[in-house]
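> I would like to see how this sequence folds:
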Amino acid sequence: MKPALRALIVEDVESDAHLIARNLGRDFEVTFERVETPQQMSAALDARAWDIVVADFVLPQFSACDALALLQARNMFTPVIVVSGQVGEEAAPEAMRAGAEDFISKSNFARLVPAVERELRETAVRFEREELGERLRAASLAAQAEHARLAAIVDSSMDAISSRSLDGTIQTWNRAAERVFGFAACEMIGKPIWDFIPATHVAQERAMMDRVRGGEMIEPFDTLRLHKDGRVVDVSVSISPIRDEAGETVGMSTIARDVTEVRSLLRAREAAEAEYRESSRRIREELEAEVSARQRAAAQLLHAAYHDTLTGLPNRAMFLDRLRYSIGFAARNAEAAIALLFLDLDRFKIINDSLGHAVGDRLLTALARRLEACLRPGDTLARMGGDEFTIVLEDLGDGRDAFRVADRILRAMTEPFDFGGHEIVATVSIGISLSANGRADAEAMLRDADIAMYRAKQLGGNRYELFVPEHHREIKTRLEMEMDLRRALERGDLRLAFQPIVRLDTGRLEGFEALARWRHAERGAIPPDTFIALAEETGLIVALGEWALTEACLQARTWRNPAGAPLRVNVNVSPRQFCDQPLLENRLSRQLARALNRSGLDPALLSLELTENAFVASTPQTELELRRIRALGVGMQLDDFGTGYSSLAYLQRLPIDTIKIDRSFISGPDSTGFANPQIASAVAGLARSLGKCVTVEGVETAEQLAEARALRCTSAQGNFLSRPLDDASARALAAA
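The predicted structure is shown next:
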């Protein structure tokens with residue numbers, strides 16, 4: 001006769017439950033019940049006693065580990081065997097840690113009956129032992145009570161107390177640990193300690209754990225832990241080994257304390273004790289410390305008032321004092337000539353924008369050290385602010401000594417600066433003013449050196465220039481012209497001229513390029529290259545560009561060819577209009593929208609001519625602006641192609657309709673044909689292969705026009721076809 005077996009089966013698939021029962025039925029008279037939720041299992045446990053629990057590892061609403069937790073919560077010791085059909089046996093350790101007696105795959109049910117028999121035998125032995133060992137059970141209950149008492153003590157501790165296995169898996173976690181670190185015990189138990197230690201302190205923790213595994217007790221040490229909210233907690237931690245009866249280390253316990261609070265309490269206690277013991281000495285020391293602090297503060301303020309905080313060099317105030325002293329000394333000693341060098345880093349803004357201000361600051365500091373190495377002990381080097389430095393050279397024989405120092409600085413700058421993988425070759429522009437120029441005050445010498453430095457920058461940088469009076473006149477003239485240009489924009493004194501663009505396959509007029517013109521009341525006609533470059537430098541190009549857009553659209557609205565069809569207008573756009581406008585209303589797309597709305601011009605009749613420089617530092621913002629412009633329906637042409645940073649990448653990526661071959665490849669001083677036919681042919685072929693139109697600029701002869709037709713260019717413009725026209729002449733030409 002088969003022995004009876006009461007089996008509680010935790011399974012969400014009924015057929016799997018019957019399969020388990022049938023396997024058990026080979027050797028037992030099986031009475032079973034299937035449950036699949038915590039509520040059903042609780043009801044079954046209340047209804048009767050069970051010999052064995054067979055639980056699927058994972059159910060939609062339940063799991064074997066949950067079933068084990070439920071039994072443990074009821075203090076029931078019914079053996080649990082975990083079965084799994086889809087979860088691999090790599091999950092077995094987790095089940096066994098949770099309290100399962102065995103882990104069996106559904107594909108290997110042959111192991112089920114032997115496992116049940118074994119557990120029944122062990123259960124019987126356990127019951128026999130319980131009956132025979134009442135004292136042991138009583139002792140066990142007492143031990144459990146003691147354990148609970150100790151656990152309560154640990155749980156009520158103000159310190160964060162936890163335990164972990166030798167591999168770092170967290171096993172216990174008290175309430176103080178929850179308070180200090182924010183994680184509940186259920187979130188921590190079973191997790192590796194490494195998940196809660198900053199990466200910078202993992203090596204330290206591993207070293208401490210290695211020592212504990214060797215049986216050593218670690219005295220409190222400062223370290224870091226991660227709080228649940230993402231903060232880093234500064235704690236003092238001690239680690240002790242946990243040993244078994246044989247004295248072997250089987251785990252480790254950790255006590256952690258928030259160092260901030262503890263240290264604050266210790267400091268307060270020590271301060272109180274020190275004040276109680278030696279109040280008079282403390283007061284005296286405080287007075288002495290206050291005096292010393294004031295002296296240090298005064299010294300620091302004095303140093304800060306006359307030194308640059310980044311480089312440690314003298315600042316502008318101290319430099320001017322030194323320069324005034326040197327000028328006074330030179331005035332009293334006829335042979336004591338001095339020179340002032342004004343240095344400015346070339347393209348420093350690009351370094352800051354591309355590599356960041358931290359690298360820029362490191363470059364300025366390294367530059368200061370390199371400049372110091374180029375000078376004599378008696379010379380004065382100062383940082384005026386930003387990327388500007390000044391040098392006073394005293395006791396010079398003549399101006400050539402200043403030139404030699406400047407040469408030495410330029411040579412020193414050829415050596416790259418290396419900042420941890422960022423290798424930077426920096427150059428400087430140097431302006432020089434000499435006391436021999438008759439300057440008798442520091443501000444004048446500084447201004448003259450600054451003007452000479454600006455001149456060096458205009459000539460390309462990485463050089464030095466000596467101030468001469470003509471430089472001052474140039475600057476004054478430039479400032480006057482800037483003010484005149486501002487007034488001309490305000491009064492509407494600028495005009496547009498229109499150069500015809502001819503279609504080469506038909507010979508018909510297809511449109512005009514709008515060109516800004518300025519006739520000054522006193523200076524007469526100002527060349528476009530002069531006042532447009534000035535507008536670029538001063539930022540007036542934004543206002544000038546929007547005026548040109550609006551005016552060109554208004555004029556183009558009136559053009560009609562003999563058939564009554566409208567004509568296109570091309571407007572040049574500066575890279576600064578396109579790339580450097582932080583204000584929303586100044587964006588090129590906004591300017592275009594305003595000009596089109598005001599004029600009523602069809603957007604398809606407007607094309608923008610942009611140079612390659614507008615795309616050199618193409619960013620997501622500039623490409624987004626391109627899409628906004630394209631969405632308006634406006635055409636886009638690449639002007640002066642081949643003279644800048646020609647790139648096939650942006651020819652393919654950006655919405656460019658037409659490529660304009662620069663006049664430098666067309667017109668030459670001694671040639672009636674193309675000055676560089678090979679480049680012109682290559683550009684034309686490249687544009688056609690990319691599906692772009694080609695316009696030739698600067699056509700001055702019939703031979704050049706013939707060559708443009710031979711290259712199958714789309715359009716041409718130049719003085720041979722027509723010089724730029726005023727608006728009335730442009731309308732007349734269009735109508736004719």
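
> show the residue spans covered by the helices in the stretch 151-300 of the chain.
According to DSSP state H, counting those that start in this stretch, the stretch 151-300 of the chain carries its helices in the segments 175-181, 185-188, 202-213, 259-277, 279-306.

> return the set of buried residues in the shortest one.
By 16 or more other CB atoms under 10 Å, the buried positions in helix 185-188 come out as residue 188. Yep, even glycine has a C-beta here, placed from its N, CA and C like the rest.

> any idea of the mean pLDDT in it?
Throughout helix 185-188, pLDDT has a mean value of 90.

> residues making contact with it?
162, 170, 172, 173, 174, 177, 178, 196, 228 (CB atoms under 8 Å, 6 or more residues apart in numbering).

> between the residues you listed, which sits nearest residue 234?
Closest approach between the contacts of helix 185-188 and residue 234, by CB to CB: residue 196, at 14.1 Å.

> show me what residue 716 is bridged to.
residue 502, residue 696 (DSSP bridges).

> tell me the pLDDT of it.
93.

> thinking again about what came up before, buried only: go through the contacts of helix 185-188 for me.
Of the contacts of helix 185-188, these count as buried by 16+ other CB under 10 Å: 162, 170, 172, 173, 174, 177, 178, 196.

> test my guess that the fourth one contacts residue 190.
No - look at residue 173 against residue 190 with CB atoms under 8 Å: they stay out of range, at 10.2 Å.

> what helix or strand does the residue nearest to residue 100 when sequence neighbours are not counted sit in?
Among residues not flanking residue 100 along the chain, residue 82 sits closest, at 4.5 Å (CB to CB, 6 or more residues apart in numbering). Assigned by DSSP states H and E, residue 82 belongs to strand 80-84.

> continuing past that strand, what's the next helix or strand?
helix 92-98.

> re the thing from before, quick check, nearest of the buried ones among the contacts of helix 185-188 to residue 414?
Nearest to residue 414 among these, with distances taken as CB to CB, is residue 196, at 51.8 Å.

> care to break this structure down by domain?
4-132, 141-263, 334-467, 481-735 (automatic domain parsing).

> make CSV from the ones you listed and add distance to residue 303 to it.
Output for these, formatted as CSV (distance: least, CB to CB, whole Å):
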stretch, distance to residue 303
domain 4-132, 64
domain 141-263, 33
domain 334-467, 14
domain 481-735, 37
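
> tell me the secondary structure of the nearest residue to residue 589 once chain neighbours are set aside, please.
Leaving aside its sequence neighbours, residue 589 sits nearest to residue 628 (CB to CB, 6+ apart; 3.9 Å). Residue 628 carries the three-state label helix when classified by DSSP: H, G, I helix; E, B strand; the rest coil.

> how many other residues sit next to residue 628?
A count of nearby residues for residue 628, using other CB atoms under 10 Å, gives 16.

> do the same with residue 120
Residue 120: 16 neighbours (other CB under 10 Å).

> try the one 3 residues further on
Neighbourhood size, residue 123 [other CB under 10 Å]: 16.

> quick one: residues contacting it.
Taking CB under 8 Å, 6+ apart, one finds 51, 79 in contact with residue 123.

> A helix includes it, no?
Yes - under three-state DSSP, residue 123 falls within a helix.

> mind checking how far it is from residue 6?
Using CB to CB, to the nearest Å, residue 123 is found at 12 Å from residue 6.

> got phi/psi on residue 554?
phi -60, psi -40 (degrees, to the nearest 10).
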